[in-house]
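K.L.:
Here is a sequence with its predicted model. Questions after.
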Amino acid sequence: MVQRYDLSDAQWARICELLPGKKCDPGRTGGHNRRFGNGCLWVRRSGAHWHDLPARYGKWKSMHTRFARWAKSGVWERVFEALTKDRKNEYLMLDSTLVRAHPPRQRHDMDALNVDSA
């Protein structure tokens with residue numbers, strides 16, 4: 001069963017070959033790339049901190065370290081570039097539910113715009 005925020009089989013099939021750690025790659029084989037990807041999506045989509053990551057994805061510190069390592073080496077950029085080349089990609093949508101500001105910032109913006117927050 002697919003959990004909330006997890007990749008479907010079709011989504012996973014589109015990116016699995018783009019990620020490091022496959023058996024044919026040099027170096028160490030990455031364990032549980034799908035679980036790792038789902039954990040990263042959970043953090044990003046939920047807006048939670050890494051230390052709030054559910055245990056089903058693994059240890060939060062290991063996940064964060066791996067996420068940062070992949071970001072530094074350009075893995076996420078390569079995945080994004082590959083996905084944006086597909087004109088039929090339905091997953092690259094941005095709506096207001098993905099844009100968050102801390103409540104004090106929201107109040108400040110509303111005050112600056114003279115908007116009644118009541």
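P.N.:
Looks like it came in fine.

K.L.:
Can you list phi and psi of Arg56 for me?
P.N.:
Dihedral pair for Arg56: phi -60, psi -20, per degrees, to the nearest 10.

K.L.:
what mean pLDDT would you report for stretch 53-63?
P.N.:
Computed over stretch 53-63, the mean pLDDT rounds to 93.

K.L.:
buried ones in it?
P.N.:
Across stretch 53-63, burial judged by 16 or more other C-beta atoms under 10 Å covers Leu53, Tyr57, Gly58, Trp60, Met63. All C-beta atoms are positioned from the backbone trio N, CA, C, and that covers glycine.

K.L.:
Contact partners for the residue lying closest to the last one once chain neighbours are set aside?
P.N.:
If I follow you right, that is Met63. Computed as C-beta to C-beta, 6 or more residues apart in numbering, the closest residue to Met63 that is not its neighbour in sequence is Gly39, at 5.0 Å. Contacts of Gly39 were listed using C-beta atoms under 8 Å, 6 or more residues apart in numbering, and they are Leu53, Tyr57, Gly58, Met63.

K.L.:
if you look at those residues, which of them are in helices?
P.N.:
Met63 (DSSP state H).

K.L.:
about what we covered before: any idea how far Thr84 is from the residue nearest to Met63?
P.N.:
As judged by C-beta to C-beta, to the nearest Å, Gly39 and Thr84 stand 23 Å apart.

K.L.:
try Pro54
P.N.:
29 Å.

K.L.:
elements contacting the strand or helix carrying Ala82?
P.N.:
Element membership of Ala82 [criterion: DSSP states H and E] is helix 75-84. In this structure, helix 75-84 packs against helix 9-15, with contacts taken as 3 or more C-beta pairs under 8 Å, 6 or more residues apart in numbering; DSSP states H and E.
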